[in-house]
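1. Any chance you can model this:
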Amino acid sequence: MNQSSPPRHAVVIGGSLAGLLAAAVLAEHATVTVVDADPLPEGPAPRRGLPQARHTHLLWSGGARAIERILPGITADWTKAGAIRRSLPTDLVTKTAQGWIPRCGEKQFNISCSRDLLDSVVRARVIALSGVSTLQGRVRALEGTAARVTGVLVDTPEEEGRLLTADLVIDASGRGSRARTWLQALGVSGIRQAEVDSGLVYATRIFEAPAGAHEMGFPIVNVQSDPRVPVPGQTATIVPIENGQWQATLSGTRGGQPTGDPDAFIPFARAVRDPIVGELLEGRKPLTDVAVTQGTANRRVYFEKAELPDGFFAVGDSVATFNPLYGQGMTVAAQGLLAVRTLLRAKGLAHPGIGREAQRVIAPQVSTAWELATSQDILYPGATGMKPRTGTGLLNGYVNRLMTGATTDEALTAALFKVLTMSTAPTHWLHPSVVWHVLRASDRGALKAPPLTAAERAVAGLDPVPGRTPGAGTNTGTGTGTATEAATGPAAEQVGPADPVDPLAQAR
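-> As a prediction, the model looks like this:
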């Protein structure tokens, strides 16, 4: 903090991951108050304001690296708390629309754990930062005018309408954000919103892993859907997490959604394009009921295109929510906040228009994820919202060919995961060296069954030899058909470079 300027104060609305990372970035320049409607737990415990935490979350290497830049040492903290670092695709058994991905040497990695554990480690680090405090309360309104936000009105358990003055207010309150309503009350109009909804529903249940599976590093197992068959898309995923548990998540689009019926959980998993997830879960002891989430629409608020008052910007799910199948939420937020950190370090918190500039530097990261998610979700049967842009089909054809090659060509497997983890921009797929391999892509010699080792099959109680061909499930399914979905389990987390480029625009 610049000691020559008056002390400054920032308010962050929302204590989830995006809000915590925003507080860490702002703590370099001001004292920070994080306001959340619920008490923030001290350890890995559920939060009422984060019901999606019950479902599978993976943090890809791009996301882990981004958060590591904001909170150095956080990766070691996660693993010390029980999270598992997994090599990709070495520790991943995944069937994309184009087939099984070989388990070759490490190209990227991910962090596997429950969302509660992931958040709790970040929360402990951020709350311990000098100048960061928390306040339980529900924000009623923004204080200020259409020209400048000067604080928030908060209803706390002890006081209604408490005024917190601030030089900067950041809305990180998530899917339920009321920022548009608050801004309209100040006289700010014309804030546009878009939505694309595939009708996706998630169902998750935690099981006890078989004896010895945790010690041997049992892989993530994931079966995706196939976009070439026009029926509802269905997926099934097992992610080994802390405490020797398997977190299993099912998903289905409109007309093929999973339910909360515990007796239907394993049959659903068996009925996707390959029954391996259902086979692995058969006979396992369930540790929880089935948790179901239905609100998975892609929704974007174009704050950056509005005449926002100074002293305010929004981040994370307050700006855009994505179908969690693509796992973009936390990492897009972290990516945007890295750009905000660069901006604040260059210009300072007192720079005129800093809030509006912060909103604009977040936009490129959001736009890339939005294009990838919505251009595919609209293709599901019964999906509602905007139609694909001209040229999307051509790009999808190229990506499908790349993903076919990724089932047999290690160079394309590397290219796939480099973008999947958003360690680089999607335009990497258009690099001449990648194009050369795509033009020669073939599925000749591709795997015909899940690439589990004999030891892994033995631990799981499966026959040593699969004895069947992939696709033995009863529902061929349909899916997004993009590398955003392929090789990922539901709610896998990704983060990108500081300034990614829209691959659709590049293709056009």
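2. per-residue confidence at Val277?
-> Looking at Val277, its pLDDT reads 98.
3. which non-adjacent residue is nearest it?
-> Leaving aside its sequence neighbours, Val277 sits nearest to Ala236 (CB to CB, 6 or more residues apart in numbering; 3.8 Å). C-beta coordinates here come from the backbone N, C-alpha and C atoms, glycine included.
4. starting at the chain centroid, how far to the longest helix that the chain contains?
-> If you go by DSSP state H, the chain has its longest helix at helix 354-377. Remark: helix 354-377 is offset 14 Å from the chain centroid, using CA atoms, centre = their mean, to the nearest Å.
5. Are there helices or strands packed against the helix or strand containing the residue nearest to Val277, and which ones?
-> Assigned by DSSP states H and E, Ala236 belongs to strand 234-241. Contacts defined by 3 or more CB pairs under 8 Å, 6 or more residues apart in numbering; DSSP states H and E place strand 234-241 against strand 108-112, strand 220-223, strand 245-252, helix 262-270, helix 276-281.
6. what ranges do the helices span in the stretch 1-150 of the chain?
-> Under the criterion DSSP state H, counting those that start in this stretch, the stretch 1-150 of the chain contains helices at 17-26, 61-70, 74-81, 115-127.
7. Repeat that for the stretch 351-500 of the chain.
-> Using DSSP H, counting those that start in this stretch, helices in the stretch 351-500 of the chain cover 354-377, 392-405, 410-420, 432-439, 454-459.
8. between these, which gets nearest to Val132?
-> helix 354-377 (18.5 Å; CB to CB).
9. Let me know the angle separating the closest one from helix 410-420.
-> For helix 354-377 against helix 410-420, the angle by axes from the mean of the first three to the mean of the last three CA atoms, to 10 degrees is 130 degrees.
10. sorry, back to before: tell me which of the helices of the stretch 1-150 of the chain sits most buried.
-> Greatest average neighbour count among these goes to helix 17-26 (a mean of 28), per mean count of other CB atoms under 10 Å.
11. what stretches of the stretch 151-300 of the chain score poorly on pLDDT?
-> Counting by pLDDT under 70, the stretch 151-300 of the chain shows low-confidence ranges at 227.
12. 90 instead, please
-> 175-176, 189-190, 195-200, 225-233, 253-254, 293-299 (pLDDT under 90).
13. Also the stretch 301-450 of the chain?
-> In the stretch 301-450 of the chain, residues with pLDDT under 90: 321-332, 335, 364-397, 399-400, 419-427.
14. Swap in 80 and give it another go.
-> 323-327, 372-383, 386-396 (pLDDT under 80).
15. residue contacts, Leu163?
-> 143, 151-154 (CB atoms under 8 Å, 6 or more residues apart in numbering).
16. Give the partner strands of the strand holding Ala236 in its sheet and their orientations.
-> Sheet pairing for strand 234-241, assigned by DSSP bridges, gives strand 220-223 (antiparallel), strand 245-252 (antiparallel).
17. The last one: which residues count as buried?
-> The neighbour-count check on strand 245-252 (16 or more other CB atoms under 10 Å) flags 245-252 as buried.
18. Bridged to Gln193, which residues?
-> Beta-bridge partners of Gln193, as defined by DSSP bridges: Val301.
19. wait, it sits on Arg299?
-> Yes - taking CB atoms under 8 Å as the definition, Gln193 is a contact partner of Arg299 at 6.8 Å.
20. ok, the two, which is more surrounded?
-> Neighbour totals were compared for Gln193 and Arg299, and Arg299 leads with 21 against 11 (other CB atoms under 10 Å).
21. Is that one in a helix, a strand, or coil?
-> Under the three-state scheme (DSSP: H, G, I helix; E, B strand; the rest coil), Arg299 adopts strand.
22. if I look at Glu159, how far off is Gly151?
-> From Glu159 across to Gly151, the span is 15 Å (CB to CB, to the nearest Å).
23. who's more crowded, these two?
-> More neighbours surround Gly151 than the other of Glu159 and Gly151, with 18 against 10 (other CB under 10 Å).
24. Assumed that one was part of a helix.
-> No - with three-state DSSP as the criterion, Gly151 is strand rather than part of a helix.
25. what sits against it?
-> 11, 142-144, 163-166, 169.
26. are any of those residues buried, and which?
-> 11, 142-144, 164, 166, 169.
27. how about JSON lines for those residues, with distance to Asp409 added?
-> Listed next are these as JSON lines, based on distance: CB to CB, whole Å:
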{"residue": "Val11", "distance to Asp409": "51"}
{"residue": "Leu142", "distance to Asp409": "53"}
{"residue": "Glu143", "distance to Asp409": "58"}
{"residue": "Gly144", "distance to Asp409": "56"}
{"residue": "Leu164", "distance to Asp409": "56"}
{"residue": "Ala166", "distance to Asp409": "53"}
{"residue": "Val169", "distance to Asp409": "49"}
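28. Compare the helices of the stretch 351-500 of the chain and give me the one nearest Val315.
-> Distance to Val315, taken as CB to CB, is lowest for helix 354-377 among the helices of the stretch 351-500 of the chain, at 6.3 Å.
29. Dump stretch 427-445 to PDB, restricted to CA.
-> Output of stretch 427-445 as PDB, limited to C-alpha atoms (Å, rounded to 0.1, in the frame of the first residue of the first chain):
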ATOM      1  CA  THR A 427      -5.500 -20.300 -30.700                       C
ATOM      2  CA  HIS A 428      -2.700 -22.700 -29.900                       C
ATOM      3  CA  TRP A 429      -4.600 -25.200 -31.900                       C
ATOM      4  CA  LEU A 430      -4.100 -23.100 -35.000                       C
ATOM      5  CA  HIS A 431      -0.300 -23.000 -34.600                       C
ATOM      6  CA  PRO A 432       1.400 -24.500 -37.700                       C
ATOM      7  CA  SER A 433       3.000 -27.300 -35.700                       C
ATOM      8  CA  VAL A 434      -0.400 -28.400 -34.400                       C
ATOM      9  CA  VAL A 435      -2.200 -27.900 -37.800                       C
ATOM     10  CA  TRP A 436       0.500 -30.200 -39.300                       C
ATOM     11  CA  HIS A 437      -0.500 -33.000 -36.900                       C
ATOM     12  CA  VAL A 438      -4.300 -32.300 -37.300                       C
ATOM     13  CA  LEU A 439      -4.000 -32.700 -41.100                       C
ATOM     14  CA  ARG A 440      -2.500 -36.200 -40.500                       C
ATOM     15  CA  ALA A 441      -4.900 -37.100 -37.700                       C
ATOM     16  CA  SER A 442      -6.300 -40.600 -37.600                       C
ATOM     17  CA  ASP A 443      -7.900 -43.000 -35.100                       C
ATOM     18  CA  ARG A 444      -6.000 -46.000 -36.500                       C
ATOM     19  CA  GLY A 445      -4.800 -47.900 -33.500                       C
END
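30. what comes up buried for that stretch?
-> Neighbour counts over stretch 427-445 (16+ other CB under 10 Å) mark 427-430, 434, 437-438, 441 as buried.
31. for the residues you listed, which one is nearest Leu280?
-> Nearest to Leu280, judged by CB to CB, of those is Ala441 at 30.2 Å.
32. For the closest one, list the residues it contacts.
-> Taking CB under 8 Å, 6+ apart as the test, what Ala441 contacts is 401-402, 404-405, 408-409, 412.
33. Identify, from these, the entry nearest to Pro39.
-> Among these, Leu402 lies closest to Pro39 (CB to CB), at 46.9 Å.
34. The closest one against Val434, yeah?
-> Yes - counting by CB under 8 Å, Leu402 does reach Val434; the two are 7.3 Å apart.
35. which residues do these two both contact?
-> Listed contacts common to Leu402 and Val434 are 412, 415; contacts here mean CB under 8 Å, 6+ apart.
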